[in-house]
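In: build me a structure from this.
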Amino acid sequence: MSIYDPGDEKLIALGAFLNGVGLTGVPDGPLELIDLELSNDGQRLLMLLQTQASSESRQFAASIDVDELDRGWQHPWNRYDVNNDGTVSPLDALHVINRLARNPDNTLAGSASPDGPFYDVDGNDRATPLDALLVINQLSRSVANGR
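Out: Residues are numbered from 1 along each chain as shown. Predicted coordinates for the structure are as follows:
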C-alpha cells in the first residue's frame, strides 16, 4: 500500500511514510488496510493495518494528523470526493467543470482549504477536464460493481 508523501511529492510505501512521521516499528513492506476512519474532530486519521506476510501477520494501529497528508488541491483520502461531502457523486465532477468554466487557467496556486473543494483529482497540481473525467469514470466503475 502506498501513500502520497507531500515532502517528496511522490508515492511511497505506507510503512515508510508512517515511520517518517514518527510512528516507529511499522514495517516498510506490504501492508493491508483493515479499517480506516476519521476522528470525531476531523483532525486525525485512524488506521488499523496488517502485514501481508504469508507466515505470520501482525497488526498495527496508526494515527496521523490530517495535516501530515496535505496534498495541495487533492482530497487527502478520497481523491474523487471533490466537494468533500463524504461521497463520490456527479456533483464532484460538476464542481471541477464549474471551476474550469469560471477560470480557464488550469493552475492551482497554494493549496485547498481543509474543507475543499479539492479540484486536483489526478494529483498534477492543475484543474483540467481530465479531473472531471476521472470522477465520471469512478462513478461508472462503482455502478458496474453494484455500489
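
In: how about low-confidence regions in this protein?
Out: Under the criterion pLDDT under 70, the flagged ranges of the chain are 1-11, 21-23, 27-29, 52-55, 67-71, 147.

In: what about the helices in it?
Out: For the chain, the helices identified by DSSP state H occupy 14-20, 90-102, 129-144, in order along the chain.

In: burial-wise, tell me which of the ones you listed comes out on top.
Out: Mean neighbour counts were compared across those using mean count of other CB atoms under 10 Å; the top stretch is helix 14-20, at a mean of 19. Quick note: C-beta positions are derived from backbone N, CA and C, even for glycine.

In: which elements pack onto that helix?
Out: Here helix 14-20 is seen to pack against strand 2-5 when contacts are counted using 3 or more CB pairs under 8 Å, 6 or more residues apart in numbering; DSSP states H and E.

In: give me that answer again for 10 Å
Out: If contacts are counted by 3 or more CB pairs under 10 Å, 6 or more residues apart in numbering; DSSP states H and E, helix 14-20 sits against strand 2-5, strand 10-13, strand 31-38, strand 44-51, strand 59-65.

In: got the contact list for the closest residue in space to A132 that isn't next to it in sequence?
Out: The shortest distance from A132 to any non-neighbouring residue, by CB to CB, 6 or more residues apart in numbering, is to V96 (4.0 Å). With contacts taken as CB atoms under 10 Å, 6 or more residues apart in numbering, V96 has the following neighbours: 82-83, 117-121, 127-136.
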